[in-house]
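>>> this one's structure only:
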């Protein structure tokens, strides 16, 4: 990795501590706070909670309704057992998921167990009990004691943060969490470093505060460390109209939209660059536990999983160790703010997750929350908390995550199997196409139209046109199709540049798919630096001339030769995936019936 | 009301429509939007929901987990019945609430009924059904269809907004709702008009964005219309260092902290001023349904409620008509943004409420929510929604509110009864003491130490010193004690001005109460224009010289002669209230055992 200094950020906690002390070289993070965050004051009323907690205190301080007026006397739930889904899958994907889908088809209820949260437990003063009298009452924005204790212990145990001062704080979901971070760290006029393609809400939230994204080129592992170093090293504030960025927003695992997953060596390289240029890394990691093994073509997949005779505890240890380390694990300075969420592991509607970061940022984020959202919903905290803390417990939750990972593996396999059925897929390791993989580290599938029906390609046989290519995802929910538009009938190299996103060939193909009842998301929606506006709306994002967008847009689309679609395999059933694929297959110029 | 023009804002919709047309004189609210709000863009991904909803569409667009991976198969609750609490109370307060408190004491469960929310209802495509597959999934930030339909119908039916375009939007609680409004309407450097004493979170939220409160003098009905008019009429931007304020934050019913309730004539007068000076009224109204009749001394209270023979429907109609109209009811221009919450009527932990406002503001607020909180918790929406929409239904919820109102009346009576027991309470109607009541409209109680034990004061008998005074609240949870510090042993008119809030006599008395295990909230925490800082913290609020704070502080505290405590009767039981009162009684210089 030319130009990137290699700090010895060893994954082994002991070695790093020996080298740097428990905190590493002390870094002052105060200068990273925005003016807004520095001006945030504690809500004086929240101080009253400390006094209310004194035994025997008669509190006439809070505007708290008496719990006897909460109409909910108890809440209970039938919850799936942690072992609801198998931990490993094998062979043909359609048979593996069959049980779940059949169960749904025949209306058979899954096996569940009962959990209940009363208004008062037998000891109403027990601060660790889940009880509605507490969960549905006002409280500090830190949330329920048992849930936040669990979250802190889970974070320590699973992510093993290197910095011993690392602390956690509940939030109301990663989207609001990110908004609070951006407000806490960024002043108007600044740029945030993002992946070239990124989650639009992350941009949209910061935009009205005059904080703009600055996309860093990606490859099959996500953000490139060399590109990042190049941009930071050559940043001239006068030319850019903004100081050098000091905040990075990144989705390292199963990236949205590209599905790219960043390996540990890349993370270390990026971390080193961020140390060098004093950049705070915001690691938005909703898909972390949906990490999978590499895709194996159906024919090569073993028909039954290789069952090592491991105890459940050993299997869980193996599972956790199989996960790519988060930035926390080698963050010897405390410059990482991590966002975790229950949205993908329990349910999006929980609007519940947590920050993991240094104590200074945690305190400022708590201030930002207490005068706005106050804290996550008490119903969410009680139900998710009771489930994972008391009912499943730590090992049950890990077991649940293992089952989820296997289910998403099945789904990932189903969509690629279906593409392999419908197209000629060719594996390449060196091909660039905008996703220049590290040598040997990422592969790309090239999809061509089939020549003849269902025939296997022999040597010397004529190959079809390249239609699209993709990196088979190893985490998350997304398959990112790079569409080779130059092979489409409607493509013309001499066409005038499109005036709006509606005019691009990418968008026209997307509309055609919608008309065939298949909904993907067009790539332009994820661009960190769009140059084209929608004709039917206000400009999506106005463009600061200092970003040199035009050049970068040309690099991404290569002058209109490529387009992108984000497809998700998280919701549709395999049958729907196959119908979707048929629509894609017919998309190169032919009309579906 | 000298100086206040009387627009004919008739409560009768028909008359107003005749005069102004359905919308009144058309007002352009676009100029009221902040630069930040104008720059807010829709999240492009949310547009995908429109396409997903097309029948037969195979959506591979969203990063939505399949509902079979939500571990909650069903959620159920035992909920109190709407008639859990009587609609009217009478006689001695201690006997009325007895049932509830005894029930709790003996561990008897209240009568409840069962409600259940399955993952899939019998028709999983029914958009109006509460089902976890939908409620716990990502959705638009507008929330669940049935709940928002209910909220819109409830608002129309109960508040009867004059403006036919009035629209509602769910939010995650009034605190965040207000933060979103401040961001939507206020640019940095502006002032917001507030009550002189106000809810600190409302100030704290806007402060870091350089939006400062400008307190308007109050009397026993809350904000004064004549003071408001005077301030707006005489506003010189150059002197104030800011443009004339165009946003008002007000808590008109059971105001926090003063407990003041604003009558309809005052509201009309304030509305007229706001029309004249083009001010948006943000009506934060969490205590609206906790409106009570005037306090009647225990001895004069009828021993049984006068039961008119009304049907339940008639009684409900009477209840709704007894409530003071909200600003919506005569908002012929659409300049009111109302904040409602389930925090005080269901439970604070629901983190669920709604905006009611004109369509332009509603659209901008939706944009502000979708890239931050996204929307209220799905657990909250499902449980609160199922309860009020399907289980209790509209009339059941109204019945529940009637019961709550009666319970808070009991509690309000209990605290004043206890004060009357411990002190000599004298009723005055003209006395000023900082709360200059409108003639005949508000009364003030003056509390003196008792001379001799339990003797009724005869004429000519020596009266004790005035210790404190208060307006008996007719809504909400708060009793605001104005403490006549000049009668305290530790008061000295020649003492140097205090250097920090810790140094004030108000705060010293507060600490003494805490030491006696009674927790009130000291008044300084609610000041819209504090001049004193806490010595132990960063300055709470720095003071802009343009506000002429010193003069206004002197007017509030009258040079240290008065202090304030906010006491709440919402949580403590009557027994605790009495213990609390004993501590106050002993607070004038004597030590408790």
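Here it is on my side, so go on. Predicted model only: the values in this text are computed from it and were never measured.
>>> What ranges in the stretch 201-350 of chain A fall below the confidence cut-off?
Along the stretch 201-350 of chain A, the parts satisfying pLDDT under 70 run over A:304-308.
>>> That one against chain B: which residues are in contact?
The stretch 201-350 of chain A has residues A:201, A:204-205, A:207-210, A:256, A:343-344, A:346-350 near chain B, with proximity defined as C-beta under 8 Å from any C-beta of the partner chain. Any C-beta I mention is one placed from the backbone N, CA and C, and that applies to glycine too.
>>> Need the max-distance pair from these.
With distance counted by C-beta to C-beta, no two of these lie farther apart than A:210 and A:346, which are 35.2 Å apart.
>>> Among those two, which residue is more densely surrounded?
The neighbour comparison of residue A:210 against residue A:346 (other C-beta atoms under 10 Å in any protein chain shown) goes to residue A:346, with 25 against 16.
>>> State whether the more buried one is indeed within a strand.
No. Residue A:346: not assigned to a strand; according to DSSP: H, G, I helix; E, B strand; the rest coil it is coil.
>>> For it, give its distance to residue A:353.
Counting by C-beta to C-beta, to the nearest Å, the gap from residue A:346 to residue A:353 is 10 Å.
>>> thinking again about what came up before, and which of the residues of the stretch 201-350 of chain A next to chain B is nearest to residue B:143?
The nearest member of those to residue B:143, counting by C-beta to C-beta, is residue A:349 at 10.4 Å.
>>> tell me the SS of that closest one?
At residue A:349 the chain is in helix, as set by three-state DSSP.
>>> tell me, how many neighbours does it end up with?
Counted with other C-beta under 10 Å, the neighbours of residue A:349 add up to 30.
>>> Surely it touches residue B:131?
No. With the criterion set as C-beta atoms under 8 Å, residue A:349 and residue B:131 do not qualify as a contacting pair; they are 11.4 Å apart.
>>> which parts of the helix or strand in which residue A:340 is found are buried?
Element membership for residue A:340, per DSSP states H and E: strand A:336-341. Buried positions in strand A:336-341, judged by neighbour count with 16 or more other C-beta atoms under 10 Å in any protein chain shown: A:336-341.
>>> go on, stretch A:514-530?
Along stretch A:514-530, the positions that meet the burial threshold by neighbour count (16+ other C-beta under 10 Å) are A:514, A:516-530.
>>> Show the overlap between these and what lies near chain B.
Of the entries in the buried residues of stretch A:514-530, those that also sit close to chain B under the rule C-beta under 8 Å from any C-beta are A:514, A:517-521, A:525.
>>> Residue A:113 and residue A:392 touch, don't they?
No. With contact defined as C-beta under 8 Å, residue A:113 does not count as touching residue A:392 (9.5 Å).
>>> what's downstream of the strand holding residue A:340, the next helix or strand?
strand A:353-357.
>>> Quick check: closest non-adjacent residue to residue A:566.
Once flanking residues are discounted, residue A:566 sits nearest to residue A:257: 3.9 Å by C-beta to C-beta, 6 or more residues apart in numbering or on different chains.
>>> Would you agree that neighbour is in contact with residue A:202?
No. In this structure, residue A:257 is not within contact of residue A:202 by C-beta under 8 Å, at 11.6 Å.
>>> can I assume residue A:291 is in contact with residue A:253?
Yes. The pair residue A:291 / residue A:253 is scored as a contact, 6.4 Å apart, by C-beta under 8 Å.
>>> Can you list the buried residues in stretch A:374-384?
By 16+ other C-beta under 10 Å, the buried positions in stretch A:374-384 come out as A:374-384.
>>> List just the nearest of the residues you listed to residue B:278.
So of these, ranked by how close each gets to residue B:278 (C-beta to C-beta), first place is residue A:374, at 31.8 Å.
>>> Am I right that the closest one is in contact with residue B:177?
No. Residue A:374 is not in contact with residue B:177 according to C-beta under 8 Å; the separation is 11.1 Å.
>>> from the ones next to chain B among the buried residues of stretch A:514-530, which two are the most distant?
Using C-beta to C-beta, these span at most 19.7 Å, a distance reached by A:517 and A:525.
>>> Mind giving me the packing neighbours of the one helix or strand residue A:364 maps to?
Applying DSSP H and E as the criterion places residue A:364 in helix A:359-370. Here helix A:359-370 touches helix A:35-38, strand A:167-171, helix A:174-185, strand A:353-357, going by 3 or more C-beta pairs under 8 Å, 6 or more residues apart in numbering or on different chains; DSSP states H and E.
>>> If anything else comes up later, I'll come back, but that's it for now.
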